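Asks: My questions concern the predicted model and sequence given below.
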Amino acid sequence: MEQESKIDYITLILYFILVVFGFMCIYSSSSGDGTFVPNLSTNYGKQVLWIVISLVLGAAMFLIDVRFFEVFSYAIYGLWIGLLILVMFLGREVNGARSWFELGGFRLQPAEFAKFGVALALSRYIGDMDVNMRKLRNQIISGGLISLPFLLIVLQGDAGSGLVFLALVLVLYREGLSGLVLIIGVAVLTLSVLTIAYGGVPVGIAVFLICGVITAFTYTNPAFLRRLVLVFVGAIGLILSVQFFFDNILQAHQQVRIEVMLGLKEDPQGYGYNVNQSMIAIGSGGFSGKGYLKGTQTKGDFVPEQHTDFIFTSVGEEFGWVGTSTVVVVFVLLLLRIVYLAERQKNKFSRVYAYCVLSIMFFHVLINIGMTINLAPVIGIPLPFFSYGGSSMISFSMLLFFLLRLDANRENELDSINY
Amino acid sequence: MSVDQNRSRVIGGVIVMCGLILVIRLFYLQVVSDTYAQKSDRISKRIVTEYPDRGLITDRHGKLIVFNADAYDLTVSMPMYSRSFDTTTFCTLLRITPEEFVQMMGKAKKTAYNGKAVFKKNLTTPEFARIQEGIYQFRDFQIETHSDRKYSMAIAAHTLGYVAEISKNELERDASEYYDAGEYIGKSGLEQFYEEQLRGIKGRQHYMVNNIGQIKERVNGGKDDIRAFPGMPMEISMDAALQAYGEELMQGKTGSIVAIEPSTGEILAMVTSPGYDPNDFAIKNLSHNYPKLAVDPSKPLLNRAVAAQYPPGSVFKLIMALIGLEEGVLTENTHFSCHGGFHKGSLTVRCHPHPGFPDLKYSIQTSCNAYYCNAFREILHQDKFKNIEEGYNNWRNYLVNFGLGSRLGVDINQEQGGNVPTAQYFHKIHGENSWSYIRIISLSIGQGELLLTPLQMANVAAIIANRGYFFTPHFARLIDGKNTIPEQFKTKHQTGVSDYNFATVVDAMAAVFSGGTAAGARIPGIEMCGKTGTVQNPHGENHSMFIAFAPRDNPKIAIATVVENAGYGSTYAAPISALMMEKYLRPDTTSSRMDLYNRMTGKTATHTTAHQADTSHGAGE
């Protein structure tokens, strides 16, 4: 006997807060002269359409059989992988990346929708009772599911969107992957940043000296020394490969973006222009902002891509710190709510899926807001529910609404389905 | 599952921590640091300055002398809004080479102020037309209009002064912080002295601009904006026709003329020669002409009328006579003998041949040296003085009251004060009170350490015309149509010489025209009073000097003329003064002395003609 479905209203309310606030900011940054033209000639007019489509699709989630997506998860994954390949040949090049299909006046970014497919496939795979993330085989397959879209999107020239998938490591961690992986991840990141910032040689020498000092105190423990040597060799290898990767693989504009982010380069008129303008807009907002529709930077179109990737600058300028911290708090509450929802699922598929949604959204929020305040490199990924754009609005809504659907149905999902 | 439950807490913790990092970072950017707010103002707001028209200047009869014309500067936003810039098209538009562009841009960057810099100043009319056509493609560049000075008559350049870009020093000294770099300010003459009245109030409009520098709307709905207010018009005391006439008379000579209305102290004409055309110093011509004129050895930029200092020579005898009369040591009937000069021990002050026993009036008329050597003794060594210092200071005090020895305070720059040595000066040279009139005898005939400016000499003429007082000479007459000239020009200065003591001196000065050293410059129908002077010049030919006023009763004009290296006072200075006075008193008729006019304008002052009318009066002048 199926129990009555119950939507998690807290999530829904947080969702609506973000959508409405986001729409206000899009209105401000794309027109903001006080008139409202409700048609598709304006960005905010189109955004209304995206919101309506998202809500319709979200409602549809509750009409389709809850098992539909679970059953067809690999098929959906395959479909989007196919589209990701196709877009490389048929896509339209925008900002150096061939990652958009153009249909009529509308553009569709398969990478945005691929998230849903990957989330489904990963949930389906890990959701299998026999899969254990402590097993190497399962780790490799999970990693493969994540890496395939990542590589395809990187090949399109849109490394930023691709990196999102790496956030799914968080799901693997929750499902049993050793925490060491995350620690190594952080160590690798730190060492990479230091290498780019100070060059391979000094960082290598520093690593050597630190290892030497540790050896001096622990040389009586041969087991530890063996590991230390391993760490040392690994570190040196990493430094060399980062140096090689940065100098020879990355394109010039990517190098500059990373250097600007690390504060190694002042480039206020070049690649650093966006970040500089973004910081000015946010920083000039002060405690309580310049007032809605009164942002001088927003009105003057000083921030490039403001209605899409840099929508947060509009919040910062017009609503000040009160506005920005409110947005951050709402996102943190939403993310924590998703963790809570995940943990109350009785079914592994649902839980893993919830963590997939969490990981993807967390990455987007952290990197998007981080890049507007120069804490992260500028990779063109949108702020969920906030940024202008149909692809991201619809895909994030579908991600979230399917989670709500699963959650509403959790009492009926005591076990995974047997296929 | 408990391990995995823990992991959910780790994940929750990471989320909260990242959120905190963002909030803290945002707090720093938005609340703690104010650099971004400043940057925001700088790039999203633009102050548009509206420059008012500078005040017009008219002469005492309301004739317009100085007015305004538009001038154009090409300015550039600094830093530039454009992220890419088509240098080739821009250089073609301006007809400059890329090297020149780089150089001009570098200069603009250095002088940038308040978000903009002048890229090219004072476009010529064809340049303006050409650049105006194409400049819209370069949103960082704008043509700014400001007003430049124009002159209806090419006269009185030194008096009017000029306007030019404010210097770094002036900017630093500008306590009111009115000026921005690149703006214009009165640099000399009346333009400088009455800068505050003439400049007006510049307007300021605050606009919001967008990322391509287009003006969007007013900040605060225009509440902080200031409207431009034009400069006040000024009527000055100069008689433009008289000034022009004086400049014509002085053409080719070195020296100056100062003419004053005695009853008010208003300066009617101030001629300095060599001079220059005021149009040469209009903003658009200044940079071209200034360097040339500044190094010209004839010093055309020097306003000799106020800045040159000469020993007054025989002109000084008038003051000596007045002091003697006021002190009671001379009377109308005081005679001193003169046999070819003044003799005392080994000292001789030579005099030219004249009847041997002159009285006061004749001593002025014939300019006797010996008379004033004796008078000096009588003035300095009276019984009432304990020592020479007291006597000297008493004498000197009169000179100070006559406006000598320090600046009069005329309302144009460059003024010098001349020199009247102090008693201390002679104490130092000759020892404390161990000197007498003999040691300083040359002062008695206007030589030695005495120095006067032509302005001071004209003021002495005005004092005598007024019989005892003067107003500080000045140009300002009406400011903004009202008599709001500075108070110091409305104060009557008494000299301490009683009016009845002037009668003899005035009589004698009239005799200078009727039968004395200036007889040759007499103008029929106008009773003029004057005194010639010939000042020995160690560097060359003597300087010709003359002071005068007319008419004798109720005088309308007092004048001093100095012609350098022109010999006797009677040769050039007296005729020029007479012609000037005639011109002022009879503005609408041609000169009754065309012979003098022709001689003054037809020939340059050289010594070959120096002895025509008055050789008989000789070196004592």
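Replies: Received it, and whenever you're ready, just let me know what you need. Numbers count the residues shown, from 1 in each chain, chains lettered A, B, ... in the order given.
Asks: Domain parsing of chain B, as residue ranges.
Replies: B:46-236, B:308-620 (automatic domain parsing).
Asks: What of chain A?
Replies: Taken from automatic domain parsing, chain A resolves into A:9-110+A:272-412, A:184-249.
Asks: Can you name the residues that contact the closest residue to chain A within chain B?
Replies: Going by Cβ to the nearest Cβ, chain A is nearest to B:Y36 of chain B, at 2.4 Å. Every residue, glycine included, has its C-beta placed from N, CA and C. Applying Cβ atoms under 8 Å, 6 or more residues apart in numbering or on different chains, we find B:Y36 in contact with A:279-280, A:282-284, B:29-30.
Asks: Could you rerun that using 6 Å?
Replies: With contacts defined as Cβ atoms under 6 Å, 6 or more residues apart in numbering or on different chains, B:Y36 is in contact with A:280, A:283-284.
Asks: among those residues, which are in reach of chain B?
Replies: Contacts with chain B within the contacts of B:Y36, counted by Cβ under 6 Å from any Cβ of the partner chain: A:280, A:283-284.
Asks: ok, so of these, who is nearest A:G234?
Replies: Of all the ones next to chain B among the contacts of B:Y36, A:G234 sits closest to A:G283, with 40.1 Å by Cβ to Cβ.
Asks: Can you list phi and psi of B:T589 for me?
Replies: As for B:T589, its main-chain torsions (degrees, to the nearest 10) stand at phi -110, psi 150.
Asks: And it, how close does it get to B:E582?
Replies: 9 Å (Cβ to Cβ, to the nearest Å).
Asks: out of all of them, which strand in the chain is the longest?
Replies: Reading this off chain A. Secondary structure of chain A read by DSSP state E shows that its longest strand is strand A:97-103.
Asks: switch to chain B, that's the one I care about
Replies: Max-length strand for chain B by DSSP E is strand B:64-77.
Asks: who does that strand touch, helix- and strand-wise?
Replies: strand B:57-58, strand B:116-120, strand B:141-151 (3 or more Cβ pairs under 6 Å, 6 or more residues apart in numbering or on different chains; DSSP states H and E).
Asks: quick one, it and strand B:116-120 angle?
Replies: Going by axes from the mean of the first three to the mean of the last three Cα atoms, to 10 degrees, strand B:64-77 is angled at 110 degrees with respect to strand B:116-120.
Asks: Look through the stretch 201-350 of chain A and state the residue closest to chain B.
Replies: For the stretch 201-350 of chain A, Cβ to the nearest Cβ, closest residue to chain B: A:G283, 2.4 Å.
Asks: Please name the residues that touch that residue.
Replies: Residues in contact with A:G283 (Cβ under 6 Å, 6+ apart) are B:29-30, B:36.
Asks: Need the per-residue pLDDT for B:S616.
Replies: Note for B:S616: predicted pLDDT of 33.
Asks: Among the contacts of A:G283, which lie within strands?
Replies: Among the contacts of A:G283, no member falls in strands (DSSP E).
Asks: where does the stretch 51-200 of chain B dip in pLDDT?
Replies: For the stretch 51-200 of chain B, the stretches flagged by pLDDT under 70 are B:81-83, B:113-114.
Asks: Looking at the domains of chain B, which is nearest to A:L240?
Replies: Of the domains of chain B, nearest to A:L240 by Cβ to Cβ is domain B:46-236, at 36.7 Å.
Asks: Now do the longest helix along chain A: which elements does it pack against?
Replies: When chain A is parsed with DSSP state H, its longest helix is helix A:311-343. Packing partners of helix A:311-343 (3+ Cβ pairs under 6 Å, 6+ apart): helix A:9-30, helix A:273-283, helix A:296-299, helix A:348-372, helix B:2-27.
Asks: Mean pLDDT lowest where, among these?
Replies: helix A:296-299 (a mean of 85).
Asks: So it, near chain B or not?
Replies: Yes. Using Cβ under 6 Å from any Cβ, we find that helix A:296-299 touches chain B at A:296-297.
Asks: Pull the residues that contact that helix.
Replies: Taking Cβ under 6 Å, 6+ apart as the rule, helix A:296-299 contacts A:28-29, A:281, A:314, A:317, B:40, B:44, B:208.
Asks: of all the residues you listed, which comes closest to A:V201?
Replies: Nearest member of the contacts of helix A:296-299 to A:V201, counting by Cβ to Cβ, is A:A281, at 38.9 Å.
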